[in-house]
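Trainee: model the structure of this input:
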Amino acid sequence: MNSLIKLELTRALRNRKFLFFSVIYPSALFLLIAGSASSTDKVDGTGLTVATYMMVSMASFGALTAVLMGNSERIAKERESGWVRQLRLTPLPGRGYVIAKTASAAVVSLPSIVIVFLVAAAVKDVRLDAWQWLALTGAIWAGSLVFAALGVAIGYLATGDAVRPITMITYFGLSLLGGLWMPATTFPQWLQDIAKWLPTHAYAALGQAIERSQSPSSKDVALLVVYFALFAGGAAWLYRKDTLKA
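Mentor: Sure thing, here's the model as predicted:
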């Protein structure tokens with residue numbers, strides 16, 4: 001399994017398009033959205049400045065890109081090409097393939113988080129305590145596993161031709177409606193009520209609570225746990241179904 005993880009990491013690091021969208025793109029969006037805001041401009045209803053709010057949003061967006069986009073398309077295409085079937089003939093257990101995919105995506109997501117933080121600190125002068133930086137990194141990185149499980153589920157659900165539109169609709173829908181690109185407080189009230197139940201909204205809320213030196217909301221944590229159970233359970237069921245068809 002370690003060899004497969006190394007292979008997956010090598011492939012991901014050689015994919016310049018994937019690295020751009022998962023590592024560089026979130027930082028560029030941060031500068032585009034927060035670049036013109038002053039250090040005192042605040043997002044209504046959050047108590048956070050635009051820079052600190054968007055820093056967490058874009059770090060979460062970058063991690064989401066790495067684990068969701070990275071897993072779903074590769075798994076669907078490898079199923080279609082017969083690579084997954086070949087791996088089943090090796091001593092590698094079925095769960096090893098899923099773990100390798102999730103682990104490699106999680107490793108790649110870490111630079112996207114850190115680079116957004118570095119850009120925010122260097123360009124927008126975002127300053128937090130050391131424990132907050134560490135807690136933010138850990139919370140956003142750990143929370144990305146929810147979407148890694150979703151990526152695996154989509155990869156086993158969709159065919160090679162259908163996986164990209166399904167992934168893109170899911171990706172952009174969760175990012176936009178979850179408040180990662182713009183504060184959810186700017187939405188109409190009915191849309192805010194929907195956003196509060198989305199995993200991306202709860203995901204970003206973890207970091208926002210840490211920035212305010214508060215403990216994450218128990219509702220947000222519980223929501224992410226439930227979504228992870230649903231996505232991971234769905235991925236496991238789809239994997240077994242795919243195995244029986246092979």
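Trainee: buried sites along the one helix or strand S27 maps to?
Mentor: Assigned by DSSP states H and E, S27 belongs to helix 25-34. By neighbour count on 16 or more other Cβ atoms under 10 Å, the buried set for helix 25-34 is Y25, P26, S27, L29, F30, L31, I33, A34. (C-beta placed from N, C-alpha, C; glycine too.)
Trainee: need those in TSV with distance to I166 and pLDDT, can you?
Mentor: Putting the buried residues of helix 25-34 into TSV (distance: Cβ to Cβ, whole Å; pLDDT from 0 to 100) gives the following:
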residue	distance to I166	pLDDT
Y25	20	87
P26	22	90
S27	27	90
L29	23	90
F30	27	91
L31	30	91
I33	27	87
A34	31	86
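Trainee: angle of the longest helix belonging to the chain against helix 25-34?
Mentor: In the chain, with assignment by DSSP state H, the single longest helix is helix 94-123. Angle, helix 94-123 to helix 25-34, by axes from the mean of the first three to the mean of the last three Cα atoms, to 10 degrees: 40 degrees.
Trainee: helices and strands around the helix or strand just after helix 94-123, which ones?
Mentor: Downstream of helix 94-123, the first helix or strand assigned by DSSP H and E is helix 130-157. Using 3 or more Cβ pairs under 8 Å, 6 or more residues apart in numbering; DSSP states H and E, the elements in contact with helix 130-157 are helix 50-64, helix 70-81, helix 94-123, helix 163-177, helix 199-211, helix 218-245.
Trainee: tell me how far helix 130-157 lies from the chain's centre.
Mentor: Centroid displacement of helix 130-157 relative to its chain, using Cα atoms, centre = their mean, to the nearest Å, is 5 Å.
Trainee: avg pLDDT for that helix?
Mentor: Averaging pLDDT along helix 130-157 gives 91.
Trainee: ok, back up a step: and which of the buried residues of helix 25-34 is nearest T167?
Mentor: Y25 (15.6 Å; Cβ to Cβ).
Trainee: ok, the residue nearest to the spatial centre of the chain - contacts?
Mentor: For the chain, the residue nearest the mean C-alpha position is L64 (1.7 Å; Cα atoms, centre = their mean). Counting by Cβ atoms under 8 Å, 6 or more residues apart in numbering, L64 touches S144, F147, Y171, L174, S175, L180, T200, Y203.
Trainee: switch the cut-off to 6 Å
Mentor: F147 (Cβ atoms under 6 Å, 6 or more residues apart in numbering).
Trainee: pLDDT value on it, please?
Mentor: 90.
Trainee: try G234
Mentor: So G234 comes in at 85 (pLDDT).
Trainee: what's the answer for K6, then?
Mentor: So K6 comes in at 64 (pLDDT).
Trainee: quick one: list the elements packing against the longest helix of the chain.
Mentor: helix 2-14, helix 25-34, helix 50-64, helix 70-81, helix 130-157 (3 or more Cβ pairs under 6 Å, 6 or more residues apart in numbering; DSSP states H and E).
Trainee: that helix to helix 50-64, inter-axis angle?
Mentor: 160 degrees.
Trainee: let me see the mean pLDDT of helix 94-123.
Mentor: On average, helix 94-123 scores 79.
Trainee: right, and A76 touches A158 too?
Mentor: Yes. The pair A76 and A158 qualifies as a contact (Cβ atoms under 6 Å) at a distance of 5.3 Å.
Trainee: okay, the two: which has more neighbours?
Mentor: A76 (24 against 21; other Cβ atoms under 10 Å).
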